[in-house]
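S.K.: I would like the atomic coordinates for the input below:
(one chain, ligands or ions: 1)
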Amino acid sequence: MRNIALLVFGLALGSCGGRHPEGLPADTVLIHGKIAIVDDAFTVVEALAIRDGRVAAVGTTREIEALRGDRTRVIDLKGRTVLPGFYDSHLHVRADPPRSVDLGDARSVEGIQEKVRRKAEELGPGEWVTGWDWAEDDLQEKRRPTRLDLDAAAPDNPVTLTRAGGHSSIANSMALSIAGISRSTPDPPRGIIDKDENGEPTGWIRERAQTLLWDHVPEATETELRESLVRSLKELLKLGITSFNDAGVVVDYLTRFQDVYAEHGPELPRATLQVRLPRDEPVDEMLAVLKGIPFHTGLGNDRIKIGAIKLSVDGGYTGSAAYTLVPYKGRPDFYGSLFLKEAELTRLVREAHLRGWQLGVHTIGDGAIEIAVDAFARVLEESPRPNHRHYLNHMTVKPSEATLARIRALGLVVAQQPSFTYTLEGPYTDNLEGERLERVNPLASLSKLGIPVGLGNDNLPIGPLHSLYAAVARKGKSGRVFGADEAVTIQEAIRGYTRGSAYVTFDENVKGSLEPGMLADLVVLSEDILTIDPERILEIEVVSTMVGGDILWGGLEE
Ligand SMILES: [Zn+2]
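M.R.: Predicted structure coming up:
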């Protein structure tokens, strides 16, 4: 880690807004609204006053209007609903090179081919074309694009397109040949090269095998990447996201975030960065990187700060790499992939824990969850630490009641993504069955036990409303209901996406509610999410997003 990062993160510590004497006029008042402040009682008020970027008071329109001064900005909500800004506990902010095409809106293989063809023309022959965010469920053809589809679109360019979720990619023939991937290439550690019945690579490359391709893609310039990062961060504001917990920034990229926030901080959502250790290295290498980081969780300020150490025990269902205790449906010997064995994970967790880090461990399958809970149990027994808030990044396959009870007893937290139930129903129904399928991404079971949960979407798809919808409706994209008794109320879902995530990052005293004294981060919605028919939640629009009392997205008549 370069010293400059330490210096700037360090200098910025404690630079929150100062206090004003009581009785000064508000900077901004919001009146005539329906403002859910998301306190313990889920109080709804009519009006709210902001001073110095924080909530100064809440109450009736009449009470709040009494705080108006000559220069107070008055926003008439005209009955609209306001929530604390969404706090996403797990998403990936992207910095895309210019050679990359965004395939998040692709609806057919043909559409993907068209985008690739145009990018190849723009860049010229021989240049790598990369892409991101396609998902077969979204495509008319209901299948993955193949090596041959990409050959047809760009025969003279190496092409690699990463699936949504990042666990697998499709490559064309030129890309495979440049990467040296042929019928004789064995699967690398923690990766899979898919081959057809004749032993030829199909172009589908899973998990860590993707680095065989990525190693050959020329890097974009730092300026290009920073510009892209700022654009991605501003996109979050349109979704009502005012804070996020990035799901893994490698140590070398922390300075990129830090520089971007030094320049643009007040225009962006607030960031907590989980620090990802190099995944494809042996554990000793990971430990060496960890020991070289001269700070730990919490360093920073209210715009950007360091979060947990991010480790991955398994992969996901999009890459058939969730590690499970019961074999995959129709594959009696297949349990998915395990990236860190229990002893390795325990060493990493122990070292990070002793250095004062919080840990966020990726666990999709119940086998991975079990291993993570065992590792935490071991380390916490050796070296107890109150209020550690170590958490599981994902809990897709519901673990046993006994394991849930241990999670509760150990004080572990869960960063959960209800949106997966909506987007990933295809891979789930392909690979899971019975109760294991119905209970995917459990919510009610966790809240019954009092396990703290922060909600997010992990870019699948990006947007809090998908997670809020799936949390209450428990429906996949097709409308199929998955275990309705795992649903929670809309109030609980909103709490998870605000205060719940703030708890994950030790921020519940500054963010996640609109009680007086909290940061004035809020979102104005087009419809009343508290009373709307849940089937219409996805139609709700984010009218405006405010961070620290500044409107950073959308318009509100004053
Ligand atoms: Zn993720």
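S.K.: Tell me the residue of the stretch 401-550 of the chain that sits nearest the ion?
M.R.: Nearest to the ion in the stretch 401-550 of the chain, going by C-beta to the ion, is Asp458, at a distance of 4.3 Å. In this view, the C-beta of every residue, glycine as well, is placed from N, C-alpha and C.
S.K.: ok, stretch 405-418 near the ion or not?
M.R.: No: with C-beta under 5 Å from the ion as the criterion, the ion is not reached by stretch 405-418; the gap is at least 8.2 Å.
S.K.: Show the end-to-end separation of that stretch, please.
M.R.: In stretch 405-418, first residue to last residue: 21 Å (C-alpha to C-alpha, to the nearest Å).
S.K.: for stretch 518-525, same thing?
M.R.: 20 Å.
S.K.: Likewise for stretch 445-464?
M.R.: End-to-end for stretch 445-464, by C-alpha to C-alpha: 21 Å.
S.K.: just stretch 29-42 next, same as before
M.R.: This stretch, stretch 29-42, spans 21 Å end to end (C-alpha to C-alpha).
S.K.: Only the buried residues of it, if you could.
M.R.: Val29, Leu30, Ile31, His32, Gly33, Lys34, Ile35, Ala36, Ile37, Val38, Asp39 (16 or more other C-beta atoms under 10 Å).
S.K.: if I've got this straight, the second one is in a strand?
M.R.: Put plainly, it is Leu30. Yes: membership of Leu30 in a strand is supported by DSSP: H, G, I helix; E, B strand; the rest coil.
S.K.: so what's the residue nearest in space to the middle of the chain up against?
M.R.: Closest residue to the average C-alpha location of the chain: Leu91 at 1.6 Å, with C-alpha atoms, centre = their mean. Leu91 makes contact with Leu236, Ile241, Phe244, Asn245, Asp246, Ala247, Gly456, Asn457, Asp458, Asn459, Ile462 under the criterion C-beta atoms under 8 Å, 6 or more residues apart in numbering.
S.K.: Next one, pLDDT for the last one please.
M.R.: What it means is Ile462. Note on Ile462: pLDDT of 76.
S.K.: where does the stretch 351-500 of the chain come near the ion, residue by residue?
M.R.: Asp458.
S.K.: Ok, the chain next?
M.R.: Residues of the chain lying near the ion (C-beta under 5 Å from the ion): Ala247, Asp458.
S.K.: Show me the shaky parts of the chain.
M.R.: 1-23, 280, 557-558 (pLDDT under 70).
S.K.: Compute the number of surrounding residues for the residue in the stretch 101-250 of the chain that the ion sits nearest to.
M.R.: Closest contact between the stretch 101-250 of the chain and the ion, by C-beta to the ion, is at Ala247 (4.1 Å). Look at Ala247: counted by other C-beta atoms under 10 Å, it has 27 neighbours.
S.K.: Now do the helices in the stretch 201-350 of the chain.
M.R.: Assigned by DSSP state H, counting those that start in this stretch, the stretch 201-350 of the chain shows helices spanning 210-214, 222-238, 254-264, 283-291, 342-354.
S.K.: need those helices in CSV with mean neighbour count, can you?
M.R.: Formatted as CSV, these follow (neighbours: other C-beta atoms under 10 Å):
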stretch, mean neighbour count
helix 210-214, 20
helix 222-238, 17
helix 254-264, 18
helix 283-291, 15
helix 342-354, 19
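S.K.: Export those helices as TSV, with columns for distance to Val504.
M.R.: Formatted as TSV, these follow (distance: least, C-beta to C-beta, whole Å):
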stretch	distance to Val504
helix 210-214	28
helix 222-238	17
helix 254-264	18
helix 283-291	21
helix 342-354	16
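S.K.: Ok, which of these comes nearest Thr429?
M.R.: helix 210-214 (25.1 Å; C-beta to C-beta).
S.K.: Please tell me how far the nearest residue in space to Leu449 that is not next to it in sequence sits from Pro189.
M.R.: Nearest residue to Leu449, sequence neighbours excluded (C-beta to C-beta, 6 or more residues apart in numbering): Arg408, at 4.9 Å. To Pro189, Arg408 is 34 Å away according to C-beta to C-beta, to the nearest Å.
S.K.: Of those two, give the one with the bigger neighbour count.
M.R.: Arg408 (14 against 11).
S.K.: List the buried residues in the helix or strand harbouring the more buried one.
M.R.: Assigned by DSSP states H and E, Arg408 belongs to helix 401-410. Across helix 401-410, burial judged by 16+ other C-beta under 10 Å covers Thr403, Leu404, Arg406, Ile407, Leu410.
S.K.: Would you pull up how far that helix lies from the middle of the chain?
M.R.: Offset of helix 401-410 from its chain centre (C-alpha atoms, centre = their mean, to the nearest Å): 24 Å.
S.K.: Repeat that for stretch 503-510.
M.R.: Distance, centroid of stretch 503-510 to centroid of chain: 17 Å (C-alpha atoms, centre = their mean).
S.K.: Over to stretch 88-96?
M.R.: Relative to its chain's centre, stretch 88-96 lies at 5 Å (C-alpha atoms, centre = their mean).
S.K.: got it, and stretch 117-129?
M.R.: Counting by C-alpha atoms, centre = their mean, stretch 117-129 comes out at 30 Å from the chain centroid.
S.K.: Can you list the buried residues in it?
M.R.: Buried positions in stretch 117-129, judged by neighbour count with 16+ other C-beta under 10 Å: Arg117, Lys119, Ala120, Glu127, Trp128, Val129.
S.K.: distance between the ends of that stretch?
M.R.: Stretch 117-129 end-to-end distance (C-alpha to C-alpha) = 9 Å.
S.K.: Would you agree Leu359 is in contact with Arg389?
M.R.: No: contact status for Leu359 versus Arg389: not in contact, 9.2 Å apart, counting by C-beta atoms under 8 Å.
S.K.: how about CSV for the buried residues of stretch 117-129, with distance to Gln140 and secondary structure added?
M.R.: Formatted as CSV, the buried residues of stretch 117-129 follow (distance: C-beta to C-beta, whole Å; DSSP: H, G, I helix; E, B strand; the rest coil):
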residue, distance to Gln140, secondary structure
Arg117, 18, helix
Lys119, 21, helix
Ala120, 22, helix
Glu127, 28, coil
Trp128, 27, coil
Val129, 22, strand
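S.K.: Could I get the full set of helices for the stretch 51-200 of the chain?
M.R.: 61-65, 109-123, 147-153, 173-178.
S.K.: Over to the stretch 351-500 of the chain?
M.R.: Under the criterion DSSP H, counting those that start in this stretch, the stretch 351-500 of the chain contains helices at 366-382, 401-410, 419-423, 425-431, 434-438, 444-449, 464-473, 490-495.
S.K.: Next, count neighbours for Gly512.
M.R.: Neighbours around Gly512, by other C-beta under 10 Å: 30.
S.K.: Would you confirm that it contacts Gly500?
M.R.: Yes: counting by C-beta under 8 Å, Gly512 does reach Gly500; the two are 7.4 Å apart.
S.K.: what's the overlap in contacts for the two?
M.R.: With C-beta under 8 Å, 6+ apart, Gly512 and Gly500 have common neighbours Tyr87.
S.K.: give me the number of residues near Pro282?
M.R.: 11.
S.K.: ignore the last one, Val44
M.R.: Val44, neighbours per other C-beta under 10 Å, totals 16.
S.K.: now Arg378
M.R.: Using other C-beta under 10 Å, Arg378 has 16 neighbouring residues.
S.K.: Much appreciated, bye for now.
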